[in-house]
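In: Sharing a model prediction with you, sequence too.
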Amino acid sequence: MIAKQDHMNRLKLIFGVFILSIWSCDSKDDIIPDPQSDKVRGAILESMEEWYYWNEELPAAINTADYTTNEELLDALIVKPLDRFSYLTTQEAFNNAFVGKNAGHGFGFAFDANEKLFLTFVFEDSPAGLDGWQRGWEIIEINDKTISEYKNASGGYDFQLGPSDPGVTNSFTFRLPDGTTTTRTNIKAEYQSNSVLHQEVIDLNGKKVGYWVYQSFKATAGQSPTKSLEVDESMKFFEEAGIDELIIDLRYNGGGSVAVAEQINNYLIQASNTDKLMYTNQLNSLKKELEKIVNFKKQGGLNLSKILFITSRGSASASELVINSLNPYLDITLVGDNTYGKPVGSFPLSGYNKILKQNNVELVPITFATANAEGYTEYFDGFPADFAVGDTPQFNWGDPNDLRLAAALAVIENGSVSGRLLNTFYRPTWEMIDQFNGLEQEFPAY
């Protein structure tokens, strides 16, 4: 029996995921993994009954032998429509994702108001980044097919780029900002992704405005306690610059590590609010003794009274946790579009079930909800934007023509956004987050 306090010390939060510092079960040499066996499905059901946040709403009777795959079983167990998030993966994939170990081309894309497709971000050390790709390049063909040829009957898109396995090749034709075109063949490979896509200080009529584009809450491998060295470096940059205001761009941030979200919150909170409640987590009725309270612990010298966030439907999970946790203490303004709506999170369960661990099955169901200092936790519809402004992926980071950045600067300067900018709002029928599920939805990239 592990003492309650020891057990609590093992919990490391992630959003949508806790990371658990768990005891290991040494696999026997004679055990041959069979991840799609009925024995594994039994372990999935058992784990859901114990840990699932909505465990009291699980089907009264279910026969695991009626399902041919683990995924079919999990789909039958989850509570719909609230649970859009529970998933299955492997232990290696789970662990790699939260420290930015990726495989693929290393980019994102989005449509503008005219349904033209543009690169939205490119990871520096990815195959796309090493080939010099930039946000703002228009994609006009993929594998010799026009973008419209990938549209399906439902109005969405399936770009058929293949699995994220190293060696998979795709061809892209771009129209560059200067009007020229270029065709690039790009080979997927393993790479280390960066979370900070852009940072700068903008002089706004003598006021120093920090602009920080943060793509996902990834920890730096090997750091104990869990944290991001990128975050430390960015916060030092803004502190040394003596910024007066801060714009945090989360428009393509699907979530990640709660430990990193806590780290960011501790930099952003005022010193006067240290030791006050950041958030509480709520578990099911079987696990009430494991619920925890997290308080702010001020880091650094930033002293902000308000923060502007640029958001979209791609802003989810840990992004929303940061907004919700800071809202009782700072003047928060959202520019762009409503966030995704994920007030719940998960932790991986293979460490609590020997069968899952031996068969390399990582079960990551919804296991908790979070509430801020005001007790607010029900934001399944997302946080509404205070100023709805359309996305302009045709402009690179920091370009004054980027309408969402321009709107955020207008709020700082004038307290409002002009009708001209508000009239640019559109909501795409398809966004990149729509093409991903499970672990990949937390860190969406091609």
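Out: It's in.

In: average pLDDT for stretch 64-71?
Out: Mean pLDDT, stretch 64-71: 96.

In: Would you mind pulling the contact partners of that stretch?
Out: Applying C-beta atoms under 8 Å, 6 or more residues apart in numbering, the external contacts of stretch 64-71 come out as 35-36, 38, 40-42, 44-45, 73, 76, 88, 361. In short, each C-beta sits where N, CA and C put it, glycine included.

In: What is the nearest of the residues you listed to Asn273?
Out: Nearest to Asn273 out of these is Leu88 (C-beta to C-beta; 39.1 Å).

In: How about that closest one, nearest residue that isn't a chain neighbour?
Out: In space, and not counting its chain neighbours, Leu88 is closest to Asn70: 5.5 Å by C-beta to C-beta, 6 or more residues apart in numbering.

In: what's the spacing between the one you found and Leu439?
Out: 14 Å (C-beta to C-beta, to the nearest Å).

In: follow-up on the earlier one: the residue nearest to Leu88: how many residues sit nearby?
Out: Using other C-beta atoms under 10 Å, Asn70 has 21 other residues around it.

In: Now do the SS call for Tyr267.
Out: Under DSSP: H, G, I helix; E, B strand; the rest coil, Tyr267 falls in the helix class.

In: for it, what are its contacts?
Out: Counted by C-beta under 8 Å, 6+ apart, Tyr267 has contacts 231, 235, 299-300, 302.

In: At which residues are the strands of the stretch 51-200 of the chain located?
Out: 87-89, 101-104, 107-111, 117-122, 138-142, 145-146, 169-175, 181-187, 189-192, 196-204 (DSSP state E, counting those that start in this stretch).

In: Now render those strands as CSV, adding mean neighbour count and mean pLDDT.
Out: Compiled in CSV, the strands of the stretch 51-200 of the chain are given as follows (neighbours: other C-beta atoms under 10 Å; pLDDT from 0 to 100):
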stretch, mean neighbour count, mean pLDDT
strand 87-89, 21, 98
strand 101-104, 20, 97
strand 107-111, 23, 96
strand 117-122, 23, 98
strand 138-142, 17, 98
strand 145-146, 12, 98
strand 169-175, 17, 98
strand 181-187, 13, 98
strand 189-192, 18, 98
strand 196-204, 16, 98
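
In: low-confidence ranges in the stretch 201-350 of the chain?
Out: Counting by pLDDT under 70, the stretch 201-350 of the chain shows no low-confidence range.

In: where along it do the strands fall?
Out: Listed in chain order, the strands of the stretch 201-350 of the chain (DSSP E, counting those that start in this stretch) span 207-214, 245-249, 256-257, 277-282, 293-295, 306-311, 331-336, 344-346.

In: Quickly compare those strands and say which is most buried.
Out: Stretch with highest mean neighbour count among the strands of the stretch 201-350 of the chain: strand 256-257 (a mean of 29; mean count of other C-beta atoms under 10 Å).

In: Distance from the chain centre to it, please.
Out: Distance, stretch centre to chain centre, for strand 256-257: 7 Å (C-alpha atoms, centre = their mean, to the nearest Å).

In: Please apply the same query to stretch 58-69.
Out: On C-alpha atoms, centre = their mean, the centre of stretch 58-69 falls 31 Å from the chain's centre.

In: next one: stretch 227-242
Out: 20 Å.

In: picking up where we left off before, could you tell me which of the contacts of Tyr267 count as buried?
Out: 231, 235, 299, 302 (16 or more other C-beta atoms under 10 Å).

In: Save the contacts of Tyr267 as TSV, and put in distance to Ala369 too.
Out: TSV is the format used below for the contacts of Tyr267 (distance: C-beta to C-beta, whole Å):
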residue	distance to Ala369
Val231	25
Met235	28
Gln299	26
Gly300	29
Leu302	29
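
In: for those residues, which one is nearest Asn265?
Out: Asn265 lies nearest to Gln299 out of the contacts of Tyr267, by C-beta to C-beta, at 9.3 Å.

In: so how far is the helix or strand containing Arg404 from its chain's centroid?
Out: Secondary structure from DSSP states H and E places Arg404 in helix 403-414. Put simply, helix 403-414 sits 24 Å off its chain's centre (C-alpha atoms, centre = their mean).

In: Please give me every residue in contact with Ile433.
Out: The contact partners of Ile433, by C-beta under 8 Å, 6+ apart, come to 254, 313-314, 316, 340, 441, 444.
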